[in-house]
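Asks: Got a sequence here, can you build the structure:
(2 chains, ligands or ions: 4)
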Amino acid sequence: MENARIAAVFGRIADILEILGENAFRIRSYRNASRTVGDLTETLADMVAEGKDLTDLPGIGDSLAGKIREILASGTCEMLEDLQKRLPAHLPDLLHVKGLGPKKVKVLYERLGIQSLGDLKTAAGAGKIRDLDGMGAKTEQNILQGLATLESEAGRIGIKEAADAVRALGRHLDGVEAVRRWQVAGSFRRRRETIGDLDVLVEAPQREQAADGILAYRPIETILARGGQKVSVALVEGLQVDFRFVDTQAFGAAMMYFTGSKAHNIVLRKRAQKRRLKLNEYGLFRGKRRVAGETEEEVFAALDLPWIPPELREDRGEIDAAAERKLPNLVEPADIRGDLHAHSTATDGANTPRQLADAARQRGYQYLAVTDHSQAVTIAGGLKASDLRRHADRVRRVNADLDGFWLLAGVEVDILNDGRLDLPQKVLEGLDWVVASVHSAFSLAEAKMTDRILAAVRSGVVHCLGHPFGRIIGRRDPIRFDVDRVFEACREAGVCLEINAYPDRLDLPDVYCKRAREMGVTMVISTDAHKIADLDLMEFGVSVARRGWLEKADVLNTLSASSLRKRLTRS
DNA sequence: GCCGTTTTCGGCCCGACTGTTTTCAGTCG
Ligand SMILES: Nc1nc2c(ncn2[C@H]2C[C@H](O)[C@@H](COP(=O)(O)OP(=O)(O)OP(=O)(O)O)O2)c(=O)[nH]1
Ligand SMILES: [Mg+2]
Ligand SMILES: [Mg+2]
Ligand SMILES: [Zn+2]
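Replies: Ligands and ions are numbered 1, 2, ... in the order given. Sure, this is the predicted structure:
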């Protein structure tokens, strides 16, 4: 059983325990375990097979380790089976309705026999909910509204889409006079790959005026809540935006609270407790006295910590690392010297090699690799050996015309089902840069997929494994292979792992970047540009790298052109 | 259910907003 399924089992157990009214801390344990398992890069099956002690994992004790072993051995979890007998199978779905929590769901089930979202809609529509204790006509309306929101499937949006929304909103906020300063916090500031809502911190001495100004933003469809400290709205496209007001002296503490993550906040607040302090969004307090709050640096410092970059604030060991002064010095966009994955008109790109080179140069780059598809990708017009030779010659002629810029003649060669490369070794050897990618047979069994990728990594002609997991966020699951074996082979062979910056790929995912770095593998951040404008997607790849704890030295394309040339001839 | 140089038992982050209540529970951030 996959880690994701085990994580889901623990999440399900937590849902049911919540509806049953169980101990909140016990429930939290299941949620924490779910997160821990979901963040692992190694399969639990492998860890157990290797005899690793699962209780070494954060939030996993004897009980949960036993459940993991049980699930792996039997495919089921007896506790979950038993719990599911106590409640209708789809009752926990109701928890996804905004405004409905475990207590109300329990009442709806016990008093009205509601078992599903369908039942809920019928009951609300028939006006049956308003008569329940603790609920009224407003509750009923909110439930109908919540159901509509759920049906609209707004869901989480991609980081790029969120960035566009932030830009548009920012233009408005900049024009609101009562807004002295604003900053986006939440998952967007942490640069998660998907964003549930936008969280915006607003400094404004005249809050009512500021709120009125903000609420004049045209795309706002509904005001979900409005109080003295915060305003929540839904935009027409379904995106929720939470505004939080703050005074100058609490700006840093509020940024920390609002940036999260929730798990990170809890660990920090525990650290404060240990020092007989209290941390909240208003500051760090010793008794009634505020000891820090205006800047993040000051709050972290008062907790004996250096400032932690937002991308690391996921409770993945960053607070311990910070305490030991062992935080990585994260790679930055300005460190990037070139782009090593781009398509031209030779296959499915919109621009010529020359145009790509000029555009890269305009962005301050020293090099760009033209990496068109190989023949197997027929829909993209992939190149066969002879075409690629001619194409590479053309690229080299263009390169010869360029002063102080290196246009690498490369390819994105397919890794065929059996692990062979889609072009002859000879042709590949003659290129400056070879990216190898899986574009077919995504559902091979893990062992076969591992062999397939290992063959490519060990071919001796590949420089980089392109979008290693082949996932498309929200549309295609990652392929399955033995991650540690492949990464180890990459390290041995000096093959890099690509961080594909395309916003719906972002592949290598952050936790695997971290693992690869620990194993000594080098990454390459590439846009996989199919047109000039795509070159600007680099920032999203850099964000993934930062979330993956990568430093400049972990990323190949932070090298200057001359250093890169040396590095490539060496290997 | 997890965890620990203050603890192996007794804690577990902390606060805002809403709706229903007549003082606060539930939900969400
Ligand atoms: N201390 C504390 N802070 C929380 C809690 N829930 C949320 N926060 C903080 C941290 C979050 O990053 C921030 C914004 O909340 P969101 O629900 O919008 O979460 P976030 O933006 O992290 O993820 P998202 O992509 O919106 O789902 O508020 C909580 O239970 N306790
Ligand atoms: Mg958010
Ligand atoms: Mg939010
Ligand atoms: Zn490509």
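
Asks: Does A:L535 touch A:S526 like I think?
Replies: No - contact between A:L535 and A:S526 fails when scored by C-beta atoms under 8 Å: they sit 10.1 Å apart. For glycine as for every other residue, the C-beta is placed from the backbone atoms N, C-alpha and C.

Asks: what's the overlap in contacts for these two?
Replies: Common neighbours of A:L535 and A:S526, counting by C-beta atoms under 8 Å, 6 or more residues apart in numbering, are A:339, A:342.

Asks: Give me the more crowded residue out of the two.
Replies: Counted by other C-beta atoms under 10 Å, A:L535 and A:S526 do not tie: A:S526 has more neighbours, with 31 against 20.

Asks: Contacts only, for that one.
Replies: A:339-342, A:435, A:464, A:466, A:498-501, A:541, A:557.

Asks: Next one: the closest residue to ligand 2 within the stretch 151-300 of chain A from DNA strand B, what distance?
Replies: Per C-beta to the ion, A:G186 is where the stretch 151-300 of chain A lies closest to ligand 2, at 3.3 Å. Noted for A:G186: a distance of 7 Å to DNA strand B, by C-beta to the nearest atom of the strand, to the nearest Å.

Asks: Quick one: residues contacting that residue.
Replies: A:195, A:197-199, A:242, A:258-260.

Asks: ok, now A:G227?
Replies: Taking C-beta under 8 Å, 6+ apart as the test, A:G227 contacts no residue whatsoever.

Asks: CA atoms of stretch A:512-528 as CSV?
Replies: Output of stretch A:512-528 as CSV, limited to C-alpha atoms (Å, rounded to 0.1, in the frame of the first residue of the first chain):
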residue,chain,number,x,y,z
TYR,A,512,12.4,15.0,-3.1
CYS,A,513,14.6,18.0,-3.7
LYS,A,514,15.5,17.8,0.0
ARG,A,515,16.2,14.1,-0.2
ALA,A,516,18.3,14.5,-3.3
ARG,A,517,20.4,17.2,-1.7
GLU,A,518,20.9,15.0,1.3
MET,A,519,22.1,12.3,-1.0
GLY,A,520,24.5,14.5,-2.8
VAL,A,521,22.6,14.8,-6.1
THR,A,522,22.8,18.1,-8.1
MET,A,523,19.6,19.7,-9.4
VAL,A,524,18.9,21.7,-12.5
ILE,A,525,16.1,24.3,-12.5
SER,A,526,14.6,24.5,-16.0
THR,A,527,11.5,26.1,-17.5
ASP,A,528,10.9,23.6,-20.3
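
Asks: Looking only at that stretch, what residues are buried by neighbour count?
Replies: A:512-517, A:521-528 (16 or more other C-beta atoms under 10 Å).

Asks: swap in stretch A:9-26?
Replies: By 16+ other C-beta under 10 Å, the buried positions in stretch A:9-26 come out as A:9-19, A:22.

Asks: picking up where we left off before, which of the contacts of A:S526 has the most neighbours?
Replies: A:G541 (32 neighbours).

Asks: doesn't that one fall inside a helix?
Replies: Yes - looking at A:G541 with DSSP: H, G, I helix; E, B strand; the rest coil, it is inside a helix.

Asks: Quick check: which ranges of chain A have low pLDDT?
Replies: A:570-571 (pLDDT under 70).

Asks: Give me the domain ranges for it.
Replies: Per automatic domain parsing, the structural domains of chain A span A:3-152, A:157-245, A:257-323, A:333-568.

Asks: which ones are touching the residue most central in space within chain A?
Replies: For chain A, the residue lying nearest the average C-alpha position, counting by C-alpha atoms, centre = their mean, turns out to be A:E193 (3.1 Å). Taking C-beta under 8 Å, 6+ apart, we find A:E193 in contact with A:158-159, A:473, A:506, A:509-510, A:544.

Asks: Of those residues, which pair is most distant in space?
Replies: Within the contacts of A:E193, A:G158 and A:D510 form the most distant pair, 14.9 Å apart (C-beta to C-beta).

Asks: out of the two, which sits in the more crowded spot?
Replies: A:D510 (25 against 17).

Asks: Distance check, the more buried one against A:D528.
Replies: For A:D510, the distance to A:D528 equals 18 Å [C-beta to C-beta, to the nearest Å].

Asks: Just want the residue of the stretch 1-150 of chain A that's nearest ligand 1.
Replies: A:R28 (10.5 Å; C-beta to the nearest ligand atom).

Asks: Report the spatially nearest residue to that residue, omitting neighbours in sequence.
Replies: Spatially, and ignoring its direct neighbours in sequence, A:R28 is nearest to A:A14 (8.0 Å; C-beta to C-beta, 6 or more residues apart in numbering).

Asks: Let's verify that neighbour: helix, strand, or coil?
Replies: Under three-state DSSP, A:A14 comes out as helix.

Asks: residues touching A:Q206, list them.
Replies: A:A178.

Asks: what does the one 3 residues further on give?
Replies: The contact partners of A:Q209, taken as C-beta under 8 Å, 6+ apart, are A:177-178.

Asks: wait, is it part of a helix?
Replies: Yes - under three-state DSSP, A:Q209 sits within a helix.

Asks: now the residue of chain A found nearest ligand 1: how far from A:D304?
Replies: Chain A approaches ligand 1 most closely through A:G260 (2.1 Å), counting by C-beta to the nearest ligand atom. To A:D304, A:G260 is 21 Å away according to C-beta to C-beta.

Asks: In terms of neighbours, single out the busier of these two.
Replies: A:G260 (21 against 10).

Asks: List the residues that contact the more buried one.
Replies: Contacts of A:G260 (C-beta under 8 Å, 6+ apart): A:185-187, A:190, A:313.

Asks: out of these, who's nearest ligand 3?
Replies: Relative to ligand 3, the closest of these is A:G186; by C-beta to the ion it sits at 5.5 Å.

Asks: and that closest one, backbone torsions?
Replies: For A:G186, the backbone dihedrals (degrees, to the nearest 10) come out as phi 60, psi -160.

Asks: State the distance from it to ligand 4.
Replies: 31 Å (C-beta to the ion, to the nearest Å).

Asks: again with A:V370
Replies: Distance of A:V370 to ligand 4, computed by C-beta to the ion: 11 Å.

Asks: Now the stretch of helix or strand that residue belongs to - C-alpha only, PDB.
Replies: Element membership for A:V370 (DSSP states H and E) is strand A:367-373. Provided in PDB are the C-alpha atoms of strand A:367-373 (Å, rounded to 0.1, in the frame of the first residue of the first chain):
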ATOM      1  CA  TYR A 367      23.500  30.200 -21.700                       C
ATOM      2  CA  LEU A 368      20.400  28.300 -22.900                       C
ATOM      3  CA  ALA A 369      20.000  24.700 -24.000                       C
ATOM      4  CA  VAL A 370      17.800  24.000 -27.000                       C
ATOM      5  CA  THR A 371      16.300  20.600 -26.100                       C
ATOM      6  CA  ASP A 372      13.800  19.600 -28.600                       C
ATOM      7  CA  HIS A 373      11.900  16.300 -28.500                       C
END
